Structures are given as structure tokens and as C-alpha cells.
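Enquirer: quick check, what structure comes out for this input:
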Amino acid sequence: MNIPSAVDRRWDIAALGEVMLRFDPGERRVRNARSFDVWEGGGEYNVARALAKGFGLRATAITALPGNDLGLLADDLIAQGGVDRSHILWRDHDGVGRNTRLGLNFTERGFGLRPALGVSDRANSAAAQMRPGEIDWDRLFGDEGVRWLHTGGIFAALSSSTAETAVEAVEAAKRHGVIVSYDLNYRASLWNAHPDPDAARRVNRRIAQSVDVMIGDEHGFSTCLGLDFDAGARSSGLDAGPFRAAAPAFAAAYPNVKIVAATLREPTTAGRNDWGAVAWAEGQVVEAQVRRDLDIFDRVGGGDGFVSGLAWALMDGRDLQAAVDWGAAHGALAMTTPGDSAMVSRAEVEALLNGAGARTVR
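Expert: Prediction:
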């Protein structure tokens with residue numbers, strides 16, 4: 001890919017998506033918790049935060065927040081994450097949340113045979129009300145300059161207006177030579193609320209026409225894009241065979257795409273997973289080292305950790321194999337920390353790739 005130089009561009013990464021507050025009950029269930037840890041998080045924002053805090057890149061968030069204390073809390077957490085907030089839209093708040101609010105996500109980590117559980121409370125959020133024309137994309141991508149835009153299917157699914165905003169953003173990014181990555185991240189609970197039953201495929205097809213790096217697998221290509229191909233069934237979560245068949249089919253339908261990538265996961269228990277990743281480019285398929293029996297502290301954000309590691313390696317000029325290795329290693333480490341956003345340094349990822357582990361005392 002022809003990734004723009006950092007010399008004349010203000011931002012290495014811009015992330016378009018909703019930033020929510022995550023309420024974590026720790027070892028308890030949401031239904032009987034008496035206290036929660038609070039984190040900020042969002043599928044798109046998590047990538048920007050990891051690249052800023054862990055890899056030292058210049059990141060900016062494109063989202064909307066309500067003008068109340070919850071919005072201010074999210075804003076403060078974003079600032080602590082090292083992510084610029086100059087492109088946040090602030091909404092007037094009526095005092096009770098009828099007109100706008102901040103999305104909330106209550107998330108259990110799971111334990112043993114009990115899987116992780118997310119309970120979302122996000123309808124009518126400030127980010128869900130974002131609409132085309134509110135962000136000056138020519139100023140952001142042209143005057144300021146951005147190397148890489150990341151957004152995803154969760155943001156596009158929030159409402160018909162966020163779908164149009166995502167389309168507007170990726171098309172503007174391509175006009176200015178910005179690399180676009182997109183995580184399909186299909187959520188039936190979001191898309192099923194659309195009055196148009198074909199909304200997911202219609203929106204994702206438009207967005208896919210401007211994407212350079214697509215994060216998705218054979219299930220996402222079929223569900224989100226309606227691609228009809230015979231990829232076969234996976235023998236396990238680590239079986240990359242169906243991806244190997246699906247990625248070329250996707251690239252044939254969308255020849256603008258340069259890289260297709262996905263994570264591979266086979267859970268044994270909530271706290272122990274087999275973990276890997278795979279990517280396709282120009283007919284070549286590469287896989288990361290499979291980490292079996294990986295101990296998981298908090299699985300939420302592992303995929304976002306993969307995307308951020310992959311993006312950093314590509315922006316650093318590394319080849320596809322190295323990029324997948326960095327993405328998978330970063331995602332693995334991200335799942336050893338609490339919260340949606342990775343709290344991992346570049347040095348820790350590099351050490352893991354060089355063979356370090358828990359036996360290595362820093």
C-alpha cells in the first residue's frame with residue numbers, strides 16, 4: 001500500500017466511532033454488583049488509543065459526546081489515553097437524556113464455563129445521532145492531514161445517519177489519499193433494528209468500495225456483504241481454510257482492497273483461548289503463530305488490539321507477515337489487561353515476539 005508519509009500530515013490515525021463508558025463488575029455478575037470499575041471504550045476508538053498510548057503515534061478521535069458530566073468523564077478518559085479530542089462534537093443535553101445521552105456498556109469477563117457477557121444501554125446516544133455534513137473532512141484529511149482512517153461496522157450500524165456518515169468519511173479519505181481500514185464487526189442486535197432488512201449489506205457494500213484494509217472473515221463477508229462463495233465450514237476456530245477461500249472472493253468483488261485480515265480464536269473456557277490471526281494480500285496468505293491455552297483476563301478488545309498492531313507495523317514499513325505477527329501478539333497481550341483498550345507498550349509486544357514471557361522478569 002502507498003501509505004502517506006508522516007512528514008506533512010498532522011495525524012497518523014483518525015478513528016471514527018462511538019466512545020462509550022464501560023462498567024466492569026470485576027469478579028461479580030452485573031446483576032448483583034455493588035461497585036464497578038469504569039473504562040472508556042469503543043471498537044474504533046480502541047485502535048486509536050492503543051496506537052497513541054502503546055506505540056506513540058499521533059491519534060485523534062472523531063465522535064460525539066453529550067454536554068453533561070458523563071460526557072466530560074468520557075472526554076477526560078480519552079485525554080488520559082493520549083488521543084486528541086479536537087474533532088469531538090458536543091451535544092446540548094436536556095438534563096434527563098431525552099434528546100441525547102452517552103452510551104453505556106456493562107460487561108462481565110466470564111469465568112470457566114460462563115462466557116463473557118455484554119449488556120448495552122446505548123440507544124439515542126450522541127454518537128448515534130452523528131450525521132453527514134457535521135465533520136469538515138476536507139479540513140481534517142486535507143488541511144490537517146491524516147495517514148490512516150479506521151472505522152467499523154458497529155458505528156455504521158448505530159443509525160441510518162451514522163451509516164451515511166461512515167460512507168461520507170471513507171469516500172473523503174480516499175479523495176485525500178488516506179488509507180482506510182474497516183472492521184466489519186457484525187452485530188445483529190444493531191442491524192436488526194433498521195427498518196430496511198437489507199441495510200447491513202447495502203451500507204457495507206458502499207463502504208467496502210473505499211476500503212484498503214478489510215478486517216473480516218467468511219461469515220462477515222456473507223452476512224454483511226451478501227457474497228456468495230463456497231468457503232466450507234471451519235473444523236475449529238483456528239481453521240484458516242475458509243478464510244483462505246473467502247479472502248480472494250472478497251478481493252475479486254472489491255479490487256480496491258489491498259489487505260484482508262482476521263483473528264482466529266478457539267475458546268476452551270472464558271479464561272483460556274487458543275489465539276491466532278491470518279491475512280491475505282495479492283494472493284498470498286500468511287498466519288501468525290498460534291498461541292494455545294492463552295490465559296485471558298479480559299477478552300474484550302482483543303480484536304481491536306490485533307488491528308492496532310497490524311496498522312502500526314504497516315505504517316512502520318513492515319511486510320505482511322510481520323504485520324500479522326505484531327497484530328496477533330498485541331491482541332494477545334491486550335487480553336491480559338482489564339478494560340476495552342489495550343494497556344500494552346510497543347516494547348512488551350516486541351519482547352513477546354522475541355520469545356519473552358511470564359518467566360522474564362522486567
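
Enquirer: Ala246 versus the closest residue to Ala270 other than its chain neighbours, what's the distance?
Expert: Leaving aside its chain neighbours, Ala270 sits nearest to Gly110 (3.2 Å; criterion: Cβ to Cβ, 6 or more residues apart in numbering). For the C-beta atoms, the positions are set from N, CA and C on the backbone; glycine is no exception. Noted for Gly110: a distance of 29 Å to Ala246, by Cβ to Cβ, to the nearest Å.

Enquirer: more neighbours: which of these two?
Expert: More neighbours surround Ala246 than the other of Gly110 and Ala246, with 25 against 18 (other Cβ atoms under 10 Å).

Enquirer: from memory that one sits against Phe229, does it?
Expert: Yes - contact criterion Cβ atoms under 8 Å: Ala246 and Phe229 qualify, at 6.1 Å.

Enquirer: so what sits against both of those two?
Expert: Counting by Cβ atoms under 8 Å, 6 or more residues apart in numbering, the shared contacts of Ala246 and Phe229 are Glu218, Phe221.

Enquirer: please name the residues that touch the residue nearest to Ala270.
Expert: Ala116, Leu117, Ala270, Gly271, Arg299.

Enquirer: any idea which element the last one lies in?
Expert: With secondary structure defined by DSSP states H and E, Arg299 is part of neither a helix nor a strand.

Enquirer: and if you look at the one 10 residues further on?
Expert: When elements are assigned from DSSP H and E, Gly309 belongs to helix 302-315.

Enquirer: tell me how far that helix is from the chain's mean position?
Expert: With Cα atoms, centre = their mean, to the nearest Å as the basis, helix 302-315 stands 9 Å off its chain's centre.

Enquirer: what are the buried residues along stretch 39-59?
Expert: Residues 39-55, 57-59 are the ones in stretch 39-59 that count as buried (16 or more other Cβ atoms under 10 Å).

Enquirer: what about those, which are in strands?
Expert: The strands, defined by DSSP state E, take in Trp39, Glu40, Gly41, Ala59 from the buried residues of stretch 39-59.

Enquirer: the third one against Pro338, yeah?
Expert: No - in this structure Gly41 lies outside contact range of Pro338 using Cβ under 8 Å: 10.8 Å.

Enquirer: shared neighbours, the two?
Expert: With Cβ under 8 Å, 6+ apart, Gly41 and Pro338 have no common neighbours.

Enquirer: pLDDT weak spots in the stretch 251-362 of the chain?
Expert: In the predicted model, the stretch 251-362 of the chain carries pLDDT under 70 at residues 358-362.

Enquirer: go again with 90.
Expert: Within the stretch 251-362 of the chain, the ranges that satisfy pLDDT under 90 run 338-343, 356-362.

Enquirer: hey, where'd the strands end up in the stretch 201-350 of the chain?
Expert: Taking DSSP state E, counting those that start in this stretch as the criterion, the stretch 201-350 of the chain contains strands spanning 213-215, 259-269, 272-281, 284-287, 291-295.

Enquirer: give me the sheet partners of the shortest one and which way each runs.
Expert: This means strand 213-215. Using DSSP bridges, the strands paired with strand 213-215 in its sheet are strand 179-183 (parallel), strand 259-269 (parallel).
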